[in-house]
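Visitor: got a sequence here, can you build the structure:
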Amino acid sequence: MKVKIEIEEGLPEDEVIIRCARLNDDIISLQNHISRLSSGKRHLALRSGETDYYIPIGEICFFETEGREIRAHTADKLFICSYKLYELEELLPGNFMRISKSSIANLDRIYSITRNLTASSIVEFAGSPKRAMVSRIYYKALIERLRERKLEPG
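Guide: Numbers count the residues shown, from 1 in each chain. So this is what the prediction gives:
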């Protein structure tokens, strides 16, 4: 594997691109490691009432649309987000994934999935009573991503 660093002054944010001939365990492990490193340090500006909060991305369980608002859920709080879901998909690290047309979940915070064959499945989050719905369209991809992220030595 070649490792190359390009310095480009003026970038608004550091960016890591992984180019590979095919996806394998080493590449997935590398992507997960980079995501864990970056997600703990980044914050997202969110609002609750008249107060702006700067919440570490790793504390967010999931985002969901409610009417015209995007709501960000931590284990015990609810915030309003100024981004659209498609913008969040671009901004968020690799440990976040769309789980329905109206939700994006933090894979690191998922505790359980209750499967429902005829309708949406239910995701529960560690340390939180909150739940999110996983649509049938996204269920298989979510399970695959969670299996990719299995415990790794070291």
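
Visitor: what bridges to the residue nearest the centre of the chain?
Guide: For the chain, residue 96 is the residue whose C-alpha lies nearest the centre (CA atoms, centre = their mean; 1.4 Å). Here residue 96 sits in beta bridges with residue 106, going by DSSP bridges.

Visitor: also residue 54?
Guide: Bridge pairing for residue 54 (DSSP bridges) gives the partners residue 45.

Visitor: show the contacting residues for it.
Guide: Contacts here follow CB atoms under 8 Å, 6 or more residues apart in numbering; on that basis residue 54 touches 43-46. Yep, even glycine has a C-beta here, placed from its N, CA and C like the rest.

Visitor: hey, where'd the strands end up in the chain?
Guide: 43-48, 51-56, 60-66, 69-74, 78-81, 96-100, 103-106, 110-114, 121-125, 131-134 (DSSP state E).

Visitor: before we move on, back to that, any of the contacts of residue 54 buried? List them.
Guide: 44, 46 (16 or more other CB atoms under 10 Å).

Visitor: mind putting the contacts of residue 54 into TSV with pLDDT and distance to residue 62?
Guide: Converted to TSV, those look like this (pLDDT from 0 to 100; distance: CB to CB, whole Å):
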residue	pLDDT	distance to residue 62
43	88	17
44	92	13
45	93	18
46	96	13
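
Visitor: report the two of the contacts of residue 54 separated the most.
Guide: 43 and 46 (9.2 Å; CB to CB).

Visitor: list residues touching both of these two?
Guide: Common neighbours of residue 43 and residue 46 (CB under 8 Å, 6+ apart) are 54-55.

Visitor: so which of the strands of the chain comes closest to residue 141?
Guide: Among the strands of the chain, strand 96-100 comes nearest to residue 141, with 7.5 Å by CB to CB.
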